[in-house]
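A.B. asks: just coords:
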RNA sequence: GCGCCCGUAGCUCAACUGGAUAGAGCAUCCGCCUUCUAAGCGGACGGCUGCAGGUUCGAGCCCUGCCGGGCGCGCCA
């Protein structure tokens, strides 16, 4: 239960009552009314802007309307105070029982606390990673993988039906290049080429991919086909070798993703879409709507490509849907452009019945967003939304020094190396400690150190420490049931200190954090929230050092101890619930 | 030249989709370890939210124009 939304519903009901009795005019727009925690907790538990938003359209003074509302709110169940503040805010305080019942709910539901019905079972497709199947994943892919997976987990928690999807770009020139490189490795496996020959082919641009990861591909091909393709022309072997190599690269990528703990529900093949005639279907569908035409594009202003010349092209009328220019769908060779395939792919997603589409891309795809949204508008009749999350790059550091990476020198860091070095949970959490559109520093030294500076450790420490306190309770009160279910029955009304009550409110806001982050498609908010919970808990823990009667476990007061234990368990539960969204395993014990 | 993203404390970043006196950590300074894990905690210092206008009860957030940085810009995927 999101207590803020619950009270918002009550306030909306009150407002409708005021409309029906004539205090407020009919037809008032209530959509801008919000209920949120006040910035300063001293103001109360909840605040609403209702009076300020509605005063003007209702022809009333904000403070007058606020007073009227306040009078009604004071009679609402659970409200202990309601007061007008500032320009017309209404601050409310809730009776302690409301907060305590949320803590009990948290303990009874465990990690399921925070689950929401916000999504109402609507279908969302989250497409992420979609790296070309031409080699292992490098560290640059990790951020998109983690953000996509965590966003999917967040949406699931918020009540959406989520499909995690990977679009396999297996139809373009890149996979043909992969096939040629695999063929060279195949001939190497047959003894026809040496390592030096491969190097020379790379240098001469005969092949594009030279990585060792293709050696086993060559060996497998040699084992399967013998010398059947050793001396035949490219047209004879390319399709088969390409398909085998792509399949093996996808296995490689799946393994890398598994090391990160990421799995997909659907892999959609670009080549299969093309083969099934879906691109042709999509183009004729759009043609029937008058959205495909032949025309000549203006050259880009300022920076014209050297070989630019005016040329009639087959174009999609993207400008009709918010794009800056119309987009080519056919190359001069007659083949479809990559974009044409993407049009078919997004139409396919719409046809599969998704209510919302989310694509997680690298920041270098920023120029691609508008045209994709134009496509989705065109094929979805405006019913389906497309949100594109652009991930800025990750700067790899080690102790503050940049880690040198260059594809040319072959020293790029693979995803696997990073996971092996610091662990999957660290990679996942750190990748979520920034908004997707801000650059992120990933410092090997920092993310593994145990200090306040390292958010992963700090949050895990809070969880471990909470678990430790509960464990320790076994020695102080050996006869007591310390399970979360039993603690839900503890006399938590005895939690009276300011810090304890603040922490209860913070835990109680977890459902609201889930809903807000899910609605905004911003999983990083969960990371910041968890750090806040951790800080509040560490603070409370340390206070017990200064003042013995503030310790969680008081041998002389079993009832209060159980109440505090309930709060400690609540902290562990909420942190575990949040980490679960990220696919991170909560640590119960630090070594 | 056009489009998108970014610009917040000395540094790294938040700010709950327009709310109240813009918050944390690091760094600096001052305190706190016979204790449930001090690998931690508390306090102080620190701001013209890049600049200038606009919209309204209210702007870090929305609009316009500048300044600075990143990405992209017809047959690459």
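C.D. replies: Perfect, I can see it now. What you see is a predicted model, and the numbers here were worked out from it, not measured in a lab. Residues are numbered from 1 along each chain as shown, chains lettered A, B, ... in the order given.
A.B. asks: ok, stretch A:369-378 near RNA strand B or not?
C.D. replies: Yes: using CB under 7 Å from any atom of the strand, we find that stretch A:369-378 touches RNA strand B at A:369-370. Using the backbone N, CA and C atoms, a C-beta is placed for each residue, glycine as well.
A.B. asks: name the element the most centrally placed residue in chain A belongs to?
C.D. replies: Against the mean C-alpha coordinate of chain A, by CA atoms, centre = their mean, the closest residue is residue A:151 at 2.4 Å. Assigned by DSSP states H and E, residue A:151 belongs to helix A:139-157.
A.B. asks: if we can go back for a sec, from residue A:519, how far out is the residue nearest to the centre of chain A?
C.D. replies: Using CB to CB, to the nearest Å, residue A:151 is found at 12 Å from residue A:519.
A.B. asks: re earlier: wait, the residue nearest to the centre of chain A sits on residue A:523?
C.D. replies: Yes: using CB atoms under 8 Å, residue A:151 is in contact with residue A:523, at 5.1 Å.
A.B. asks: all strands for the stretch 401-550 of chain A, in order.
C.D. replies: Assigned by DSSP state E, counting those that start in this stretch, the strands in the stretch 401-550 of chain A fall at A:401-402, A:440-443.
A.B. asks: ok, for residue A:339, nearest residue in space, not its chain neighbours?
C.D. replies: residue A:327 (5.7 Å; CB to CB, 6 or more residues apart in numbering).
A.B. asks: all strands of the stretch 101-250 of chain A, in order?
C.D. replies: With strands called from DSSP E, counting those that start in this stretch, the stretch 101-250 of chain A shows them at A:123-127, A:161-168.
A.B. asks: could the ones you listed go into TSV alongside distance to residue A:246, mean pLDDT and mean neighbour count?
C.D. replies: Shown next, in TSV, are the strands of the stretch 101-250 of chain A (distance: least, CB to CB, whole Å; pLDDT from 0 to 100; neighbours: other CB atoms under 10 Å):
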stretch	distance to residue A:246	mean pLDDT	mean neighbour count
strand A:123-127	18	97	23
strand A:161-168	8	97	21
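A.B. asks: columns distance to RNA strand B on top of these, output as a markdown table?
C.D. replies: A markdown table is the format used below for those (distance: least, CB to the nearest atom of the strand, whole Å):
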| stretch | distance to RNA strand B |
| --- | --- |
| strand A:123-127 | 13 |
| strand A:161-168 | 9 |
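A.B. asks: TSV for those strands, including distance to residue A:343?
C.D. replies: Converted to TSV, those look like this (distance: least, CB to CB, whole Å):
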stretch	distance to residue A:343
strand A:123-127	14
strand A:161-168	13
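A.B. asks: looks to me like residue A:310 is in a helix.
C.D. replies: No: using DSSP: H, G, I helix; E, B strand; the rest coil, the secondary structure at residue A:310 is coil, not a helix.
A.B. asks: number of nearby residues for it?
C.D. replies: 9 (other CB atoms under 10 Å).
A.B. asks: any idea of the pLDDT on it?
C.D. replies: pLDDT recorded at residue A:310 is 82.
A.B. asks: in this structure it contacts residue A:295, no?
C.D. replies: No: using CB under 8 Å as the test, residue A:310 is too far from residue A:295 to be in contact (10.4 Å).
A.B. asks: burial count for the residue nearest to residue A:531 when sequence neighbours are not counted?
C.D. replies: Leaving aside its chain neighbours, residue A:531 sits nearest to residue A:455 (5.3 Å; criterion: CB to CB, 6+ apart). A count of nearby residues for residue A:455, using other CB under 10 Å, gives 19.
A.B. asks: now residue A:455: how far from residue A:546?
C.D. replies: 26 Å.
A.B. asks: same question, residue A:13
C.D. replies: Note on residue A:13: its distance to residue A:546, by CB to CB, is 46 Å.
A.B. asks: more neighbours, those two?
C.D. replies: residue A:13 (12 against 7).
A.B. asks: can you name the residues that contact that one?
C.D. replies: Contacts for residue A:13 were tallied using CB atoms under 8 Å, 6 or more residues apart in numbering; there are none.
A.B. asks: confirm that it sits in a helix.
C.D. replies: Yes: under three-state DSSP, residue A:13 sits within a helix.
A.B. asks: avg pLDDT for the longest helix seen in chain A?
C.D. replies: The longest helix of chain A (DSSP state H) is helix A:234-260. Taken as a whole, helix A:234-260 carries a mean pLDDT of 95.
A.B. asks: ok, how many other residues are close to the residue nearest to residue A:339?
C.D. replies: If you count neighbours by other CB under 10 Å, residue A:327 ends up with 25.
A.B. asks: surely it touches residue A:318?
C.D. replies: Yes: using CB under 8 Å, residue A:327 makes contact with residue A:318 at a distance of 4.9 Å.
A.B. asks: give me the common contacts of the two.
C.D. replies: Common contacts of residue A:327 and residue A:318, defined by CB under 8 Å, 6+ apart, comprise A:371, A:374.
A.B. asks: need the winner for burial among the strands of the stretch 401-550 of chain A.
C.D. replies: When these are scored by mean count of other CB atoms under 10 Å, the highest mean neighbour count falls to strand A:440-443 (a mean of 19).
A.B. asks: now do the helix or strand where residue A:388 lies: distance to the chain's middle.
C.D. replies: In the assignment (DSSP H and E), residue A:388 maps to strand A:385-391. Here strand A:385-391 shows a centroid-to-chain-centroid distance of 11 Å under the convention CA atoms, centre = their mean, to the nearest Å.
A.B. asks: can you list the buried residues in it?
C.D. replies: A:386-391 (16 or more other CB atoms under 10 Å).
A.B. asks: which of those are close to RNA strand B?
C.D. replies: residue A:390.
A.B. asks: reformat the buried residues of strand A:385-391 as TSV; add distance to residue A:401 and pLDDT.
C.D. replies: Listed next are the buried residues of strand A:385-391 as TSV, based on distance: CB to CB, whole Å; pLDDT from 0 to 100:
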residue	distance to residue A:401	pLDDT
A:386	40	93
A:387	36	93
A:388	33	93
A:389	30	93
A:390	27	91
A:391	23	90
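A.B. asks: nearest to RNA strand B among the buried residues of strand A:385-391?
C.D. replies: Closest to RNA strand B out of those is residue A:390 (6.6 Å), distances taken as CB to the nearest atom of the strand.
A.B. asks: residues contacting the residue nearest to that closest one when sequence neighbours are not counted?
C.D. replies: Excluding its sequence neighbours, the residue lying closest to residue A:390 (CB to CB, 6+ apart) is residue A:363, at 4.8 Å. By CB under 8 Å, 6+ apart, the residues touching residue A:363 are A:390-393, A:437.
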